[in-house]
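*Asks:* got a sequence here, can you model it:
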Amino acid sequence: MDIENNFIGDFLNDLAYITDNESSSESSNEEEDEAYAKQVRTYRRSKLIPFYNTRKDIFTYFEEEKLIKTFRFDRASIEIILSLIVHLLPKRKTKAKRNLEPIDMLLVTLQFYATGTFQSVVGNVLRYSQSSVCRSISIISLALAMISKKKIAFPADLLTLKRDFYEIARMAGVVGFIDGTHIRIVRPQNHEKNYVNRKNYHSLNVQAICDANHRFLSVCATKPGSCHDSTIFKGSIIGKKFESGQFGEPFLLGDSGYSNTTFLLTPYSNPIQPYEVRFNRSHKSTRCTIERAFGVLKKRFNLLHGEIRMSPTKASWITVACCVLHNIAIDRKMPLDDPELDEIDDEVAHCHPAQSVSDV
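*Replies:* Numbers count the residues shown, from 1 in each chain. Reported below is the predicted structural model:
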């Protein structure tokens with residue numbers, strides 16, 4: 001009997017020991033599980049680093065070819081553009097951790113110009129809110145427009161302009177071709193009827209003068225679509241300079257929408273004489289430069305090819321800013337591989353070949 005009691009006692013002691021080990025093992029497993037879950041949470045948090053913490057390395061996300069396709073400029077050119085306007089950008093004093101740096105605002109704006117898509121889409125690509133994109137576009141566009149006098153201007157020496165135009169169609173004394181193009185805008189809230197052009201949509205009538213290399217020498221982007229080309233030129237600063245003789249004897253070429261003057265020559269309306277026909281032929285050949293300039297501008301910055309969904313004032317800033325960037329792109333020899341440009345080249349190719357106006 002004692003042996004049985006001892007056996008039962010030993011069994012109970014072993015059972016208690018096993019139970020204690022199991023409970024301690026379960027407790028240990030729970031601690032391990034909790035520690036593992038904590039590690040998982042820590043790892044996940046490490047993967048949730050805000051994108052704005054890595055914005056300074058945004059160039060590492062794009063290869064050189066992709067960078068040019070997305071922003072229309074290479075890294076060196078973007079840095080040059082930033083250096084031209086950084087002193088004009090406002091300095092915002094805020095405690096927010098998601099402050100946009102000047103380079104961020106410039107890249108956002110360049111992509112908006114290049115794609116012409118909705119601001120929210122641009123924000124989704126670069127991880128910015130729509131309000132931040134809108135603010136960046138306004139700030140950068142105004143800054144670029146403010147430096148337009150330095151980047152869009154007639155050179156001090158007009159001899160190079162004359163020589164380049166003379167090589168096109170043997171027209172001596174030409175320093176530029178003037179024309180207008182309509183930039184579609186969203187329906188404005190104020191003076192809505194003034195912005196309806198002859199094609200019955202809202203626009204800005206942008207007047208520009210270009211040289212033989214498609215660089216813009218003068219841009220006026222403040223007039224509504226209903227304004228006539230000749231009216232814009234007469235009231236513009238550049239028009240008054242030519243009228244007052246500040247440029248001397250050189251003259252501009254314009255289409256039949258302008259009045260023929262001593263400083264602006266237009267084609268003959270009904271050419272009969274051989275010299276009139278030859279003049280019109282050379283005039284048309286020279287006109288191809290401004291047509292291609294507008295075509296390249298709108299293809300490089302697709303926003304101008306579509307509709308600018310902003311107020312007329314901001315649309316004017318954007319238009320001038322794109323013209324400034326257009327000149328910088330030409331100076332920097334930025335490539336523009338766009339199949340649609342072949343259509344423009346075909347139009348230029350259909351122009352009459354160069355022929356001397358003095359030939360009989």
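*Asks:* where's the most centrally placed residue in the chain relative to Leu89, distance?
*Replies:* Of all residues in the chain, the one closest to the mean position by Cα atoms, centre = their mean is Tyr113, 2.7 Å from it. Using Cβ to Cβ, to the nearest Å, Tyr113 is found at 17 Å from Leu89. The way it works is simple: take the backbone N, C-alpha and C, and place the C-beta from them, glycine included.
*Asks:* repeat that for Glu34.
*Replies:* 50 Å.
*Asks:* which one of these two is surrounded by more residues?
*Replies:* Using other Cβ atoms under 10 Å, the more surrounded residue of Glu34 and Leu89 is Leu89, with 18 against 10.
*Asks:* wait, that one sits on Ile139?
*Replies:* Yes: using Cβ atoms under 8 Å, Leu89 is in contact with Ile139, at 6.1 Å.
*Asks:* any shared contact partners between the two?
*Replies:* Shared contacts of Leu89 and Ile139, defined by Cβ atoms under 8 Å, 6 or more residues apart in numbering, comprise Met105.
*Asks:* give the residue spans of this structure that score low on pLDDT.
*Replies:* 1-29, 43-58, 92-99, 119-127, 337-360 (pLDDT under 70).
*Asks:* would you map out the domains in it?
*Replies:* 51-146, 151-349 (automatic domain parsing).
*Asks:* what distance separates the lengthiest strand in the chain from the middle of the whole chain?
*Replies:* Ranked by residue count, the top strand of the chain under DSSP state E comes out as strand 174-185. Using Cα atoms, centre = their mean, to the nearest Å, the distance from the centre of strand 174-185 to the centre of the chain it belongs to is 18 Å.
*Asks:* ok, then the element right after it?
*Replies:* Per DSSP states H and E, the first helix or strand lying C-terminal to strand 174-185 is strand 203-210.
*Asks:* tell me the strands beside the next helix or strand after that next one, with direction?
*Replies:* Going down the chain from strand 203-210, the next helix or strand is strand 216-220, by DSSP H and E. Here strand 216-220 is paired, per DSSP bridges, with strand 203-210 (antiparallel).
*Asks:* just the helices in the stretch 201-350 of the chain please.
*Replies:* Assigned by DSSP state H, counting those that start in this stretch, the stretch 201-350 of the chain shows helices spanning 229-235, 237-244, 274-300, 312-331, 341-349.
*Asks:* in JSON lines: the ones you listed, plus mean neighbour count.
*Replies:* Shown next, in JSON lines, are the helices of the stretch 201-350 of the chain (neighbours: other Cβ atoms under 10 Å):
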{"stretch": "helix 229-235", "mean neighbour count": "17"}
{"stretch": "helix 237-244", "mean neighbour count": "16"}
{"stretch": "helix 274-300", "mean neighbour count": "19"}
{"stretch": "helix 312-331", "mean neighbour count": "23"}
{"stretch": "helix 341-349", "mean neighbour count": "12"}
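*Asks:* let's have those helices in CSV, adding distance to Lys149.
*Replies:* Below are these laid out as CSV (distance: least, Cβ to Cβ, whole Å):
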stretch, distance to Lys149
helix 229-235, 18
helix 237-244, 10
helix 274-300, 19
helix 312-331, 10
helix 341-349, 28
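*Asks:* can you check which of those helices gets nearest to Val186?
*Replies:* Val186 lies closest to helix 312-331 among those, at 8.4 Å (Cβ to Cβ).
*Asks:* how far is that closest one from where the chain is centred?
*Replies:* Relative to its parent chain, helix 312-331 has a centroid offset of 8 Å by Cα atoms, centre = their mean.
*Asks:* CA atoms only for that helix - export them in PDB, please.
*Replies:* Listed in PDB are the C-alpha atoms of helix 312-331, where the atom choice follows Å, rounded to 0.1, in the frame of the first residue of the first chain:
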ATOM      1  CA  PRO A 312      -5.600  84.200 -67.800                       C
ATOM      2  CA  THR A 313      -2.900  85.800 -65.700                       C
ATOM      3  CA  LYS A 314      -1.300  82.600 -64.700                       C
ATOM      4  CA  ALA A 315      -1.700  81.200 -68.200                       C
ATOM      5  CA  SER A 316       0.300  84.300 -69.400                       C
ATOM      6  CA  TRP A 317       3.000  83.500 -66.900                       C
ATOM      7  CA  ILE A 318       3.200  79.900 -68.100                       C
ATOM      8  CA  THR A 319       3.300  80.900 -71.700                       C
ATOM      9  CA  VAL A 320       6.200  83.300 -71.300                       C
ATOM     10  CA  ALA A 321       8.000  80.800 -69.000                       C
ATOM     11  CA  CYS A 322       7.700  78.100 -71.700                       C
ATOM     12  CA  CYS A 323       9.200  80.500 -74.200                       C
ATOM     13  CA  VAL A 324      12.100  81.200 -71.800                       C
ATOM     14  CA  LEU A 325      12.700  77.500 -71.400                       C
ATOM     15  CA  HIS A 326      12.400  77.000 -75.200                       C
ATOM     16  CA  ASN A 327      15.300  79.500 -75.700                       C
ATOM     17  CA  ILE A 328      17.300  77.800 -73.000                       C
ATOM     18  CA  ALA A 329      16.700  74.400 -74.600                       C
ATOM     19  CA  ILE A 330      18.000  75.700 -77.900                       C
ATOM     20  CA  ASP A 331      21.100  77.200 -76.300                       C
END
